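here is my input; please provide its structure:
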Amino acid sequence: MKALLRSGNPDVARALANIVWLGLERLTQIAVAIVVAGVLARYLGPDDFGKWQYANTLLLVIAPVTWVCGAEILVPTIVRRLPADTGIVLGSAFVLRMGVSILALIATWIWIAAGGIDPTVGLMLAGLAVTMLFREPFIGVVNSWLQSQTYSKPQLLASMLAAIVKAALVYALVRVAAAPSRFGWLWALEAAAISAALVLYYMRRHGGRLGWRFDRALFRHFASAGTVFWLGLICMYLFLKLDRLMLAHRVSFAELGLYSAAQQLNENWIALALMLAQTIAPAFVYRVQDTRLLRRNLLRLFALTALLMIAGAAVLDALGGFIIARVFGPNYADAANLFRWAVWLSVPAGIEAIGNLVVLKYQAKYVLLSKWLLALAVAFAVNLITIPRFEGYGALMGLAAGYVAAASVNFYYLRFRLRA
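Have a look, this model is predicted:
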């Protein structure tokens, strides 16, 4: 490792350091997620835990509305512009994201107050939804700046520390027998703490000043240029949460809790592929202009990701029963087999994440939108057939089919875009 860091290539050195920090952060997040999920599952029971998971699912369907002008627009823009323009770029993106986030939060609260969902789910979602004011306007904007420099350590360190503190606070609320609706506010507090840490770090790097400035022309550009990407990301998250949305209409909250227990652990594992792709993108994909070198980098990344996901899935499959029993307790034993099948979704998910980097590099917004529309449609069609027959296993079939459809579009685009 030391020899690689002394290789003379600063991009390689930064990427390797990023990967080390990424590994530490992901291990911390996985450990915290397992502990928090286990504590909440045992405390709430399958029925309320199913409601808690459904509230989180609704948030993750609503939150992409705030992703207008996402990292796929911001990171390449920051890389292309002069350092003196960073304040204008980030300031314009912040105003756009904050405005949309405020509107999304108000609309969510109005929907809850109108009785659009189960009262307990609504109370849980009310606190969780506040995270939208912090995630994209603050964390997302500063993290895009960090990604442009292939230096994610501050964000990863802040996330690790905040996650550990959140886990301690979850345990404290359980000890005092807090109402289920209280827990959502801890997630909002976590997002606020990370936001404050990242903003302070950015200010320290810029002479103690934030220096974000609003530019009307750039604001309009971000609002228009990012629209198609924005719609594509909304479709992507609808696809990722479609299993629980459709399953909730076919099974009880207790059965949804069993399925969600398996998927929550699995999603933390799949997130490794997505974060790995994000941290290596600037050095090995975005900044590479030579087509031959880019093809070689992608082949290596595909191979590395496939090996990592297969090896990890095999271990998790073998330990599935043990993991579910230790984390969630005897009331969740039926989730073990679901978990064993679910972990193999990491293979197509990882392959798709690497292929998606080229789509983002060339700003192929209509390819992105078409890909996730296709994945969403395929998953919906498969779910309609399989969920009534196989319930949770049917939902996993829908996810698998959608990932394969999305990866197929990536490969078709790669063949077209990178041909000699």
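
CA only for contacts and neighbour counts going forward, please
Fine.

same for the helix or strand hosting Phe416, what does it pack against?
For Phe416, the element it lies in under DSSP states H and E is helix 392-417. With contacts defined as 3 or more CA pairs under 8 Å, 6 or more residues apart in numbering; DSSP states H and E, helix 392-417 has these neighbours: helix 227-247, helix 335-342, helix 346-361, helix 365-390.

quick check: buried residues in that helix?
Judged by neighbour count (16 or more other CA atoms under 10 Å), helix 392-417 contains these buried residues: 392-411, 413-414.

how about stretch 195-215?
Here stretch 195-215 shows 195, 197-199, 201-202, 210, 212-215 as buried, counting by 16+ other CA under 10 Å.

next: stretch 362-382.
Those would be 363, 365, 367-380, 382, for stretch 362-382 by 16+ other CA under 10 Å.

and the pLDDT for the closest residue to Leu146 other than its chain neighbours?
Excluding the flanking residues, the one nearest Leu146 by CA to CA, 6 or more residues apart in numbering is Ser152, at 5.5 Å. Looking at Ser152, its pLDDT stands at 80.

what's the local residue count around Ser152?
24 (other CA atoms under 10 Å).

now do the SS call for the residue most central in space within the chain.
The centre of the chain sits closest to Ala271, judged by CA atoms, centre = their mean, with a distance of 6.5 Å. Secondary structure state of Ala271, per DSSP: H, G, I helix; E, B strand; the rest coil, is helix.

so how far is Ser144 from it?
According to CA to CA, to the nearest Å, Ala271 and Ser144 sit 18 Å apart.

buried ones in stretch 317-337?
So, applying 16+ other CA under 10 Å, buried residues of stretch 317-337: 317, 320-321, 323-325, 327-328, 332-337.

CA atoms of it as PDB?
Output for stretch 317-337, consisting of C-alpha atoms alone and laid out as PDB, is shown next (Å, rounded to 0.1, in the frame of the first residue of the first chain):
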ATOM      1  CA  ASP A 317     -25.500 -16.600   2.600                       C
ATOM      2  CA  ALA A 318     -23.600 -19.200   4.700                       C
ATOM      3  CA  LEU A 319     -24.100 -17.100   7.900                       C
ATOM      4  CA  GLY A 320     -27.600 -15.900   7.100                       C
ATOM      5  CA  GLY A 321     -29.400 -17.900   9.800                       C
ATOM      6  CA  PHE A 322     -26.800 -17.000  12.500                       C
ATOM      7  CA  ILE A 323     -26.900 -13.300  11.600                       C
ATOM      8  CA  ILE A 324     -30.700 -13.000  11.600                       C
ATOM      9  CA  ALA A 325     -31.000 -14.900  14.900                       C
ATOM     10  CA  ARG A 326     -28.300 -12.800  16.700                       C
ATOM     11  CA  VAL A 327     -29.500  -9.400  15.300                       C
ATOM     12  CA  PHE A 328     -33.300  -9.700  15.400                       C
ATOM     13  CA  GLY A 329     -34.000 -12.500  17.800                       C
ATOM     14  CA  PRO A 330     -36.300 -15.600  17.500                       C
ATOM     15  CA  ASN A 331     -39.300 -13.600  16.400                       C
ATOM     16  CA  TYR A 332     -37.600 -13.000  13.000                       C
ATOM     17  CA  ALA A 333     -36.400 -16.500  12.200                       C
ATOM     18  CA  ASP A 334     -38.500 -16.500   9.000                       C
ATOM     19  CA  ALA A 335     -36.400 -13.600   7.700                       C
ATOM     20  CA  ALA A 336     -33.200 -15.800   7.400                       C
ATOM     21  CA  ASN A 337     -34.100 -17.500   4.100                       C
END
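
what about that stretch, distance to the chain center?
24 Å (CA atoms, centre = their mean, to the nearest Å).

ok, for Phe284, nearest residue in space, not its chain neighbours?
Asn297 (6.6 Å).

helices along the stretch 1-150 of the chain, start to end?
2-5, 10-62, 71-80, 86-113, 119-128, 132-134, 141-148 (DSSP state H, counting those that start in this stretch).

Phe222 contacts Cys69, doesn't it?
Yes. At 5.5 Å, Phe222 counts as touching Cys69 under the criterion of CA atoms under 8 Å.

give the intersection of the neighbour lists for the two.
Ala93 (CA atoms under 8 Å, 6 or more residues apart in numbering).

between the two, which one's more packed in?
Ranked by neighbour count (other CA under 10 Å), Phe222 and Cys69 place Cys69 first, with 26 against 21.

for that one, give me the backbone phi and psi.
Cys69 adopts backbone torsions of phi 60, psi 60, taken as degrees, to the nearest 10.

about what we covered before: ok, the residue nearest to Phe284 touching Ala283?
No. Between Asn297 and Ala283 there is no contact under CA under 8 Å: 10.3 Å.

quick one, which of the two is more surrounded?
Taking other CA under 10 Å, Asn297 and Ala283 do not tie; Ala283 has more neighbours (19 against 14).

now do the helices in the stretch 151-300 of the chain.
153-175, 184-205, 216-225, 227-247, 253-281, 291-318.

show me the contacts for Val141.
So, once contact is read as CA under 8 Å, 6+ apart, Val141 ends up touching 71, 90, 93-94.

how much space between it and Ala377?
Relative to Ala377, Val141 is positioned 31 Å away (CA to CA).

with Ala311 instead?
Counting by CA to CA, the gap from Ala311 to Ala377 is 30 Å.

with Leu258 instead?
25 Å.

any weak-confidence spans in the stretch 201-350 of the chain?
272-282 (pLDDT under 70).

what's the mean pLDDT across stretch 92-102?
95.

buried stuff in it?
92-98, 100-101.

that one: how far from the chain's middle?
Distance, centroid of stretch 92-102 to centroid of chain: 19 Å (CA atoms, centre = their mean).

alpha carbons of it, as PDB, please.
In PDB, the C-alpha atoms belonging to stretch 92-102 read as follows (Å, rounded to 0.1, in the frame of the first residue of the first chain):
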ATOM      1  CA  SER A  92     -26.500  28.200  -6.600                       C
ATOM      2  CA  ALA A  93     -26.900  24.500  -6.100                       C
ATOM      3  CA  PHE A  94     -27.700  25.100  -2.400                       C
ATOM      4  CA  VAL A  95     -30.500  27.600  -3.100                       C
ATOM      5  CA  LEU A  96     -32.100  25.300  -5.600                       C
ATOM      6  CA  ARG A  97     -31.900  22.200  -3.300                       C
ATOM      7  CA  MET A  98     -33.000  24.000  -0.200                       C
ATOM      8  CA  GLY A  99     -36.000  25.500  -1.900                       C
ATOM      9  CA  VAL A 100     -37.200  22.100  -3.200                       C
ATOM     10  CA  SER A 101     -36.500  20.400   0.200                       C
ATOM     11  CA  ILE A 102     -38.600  22.900   2.100                       C
END
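
many thanks, we can stop here.
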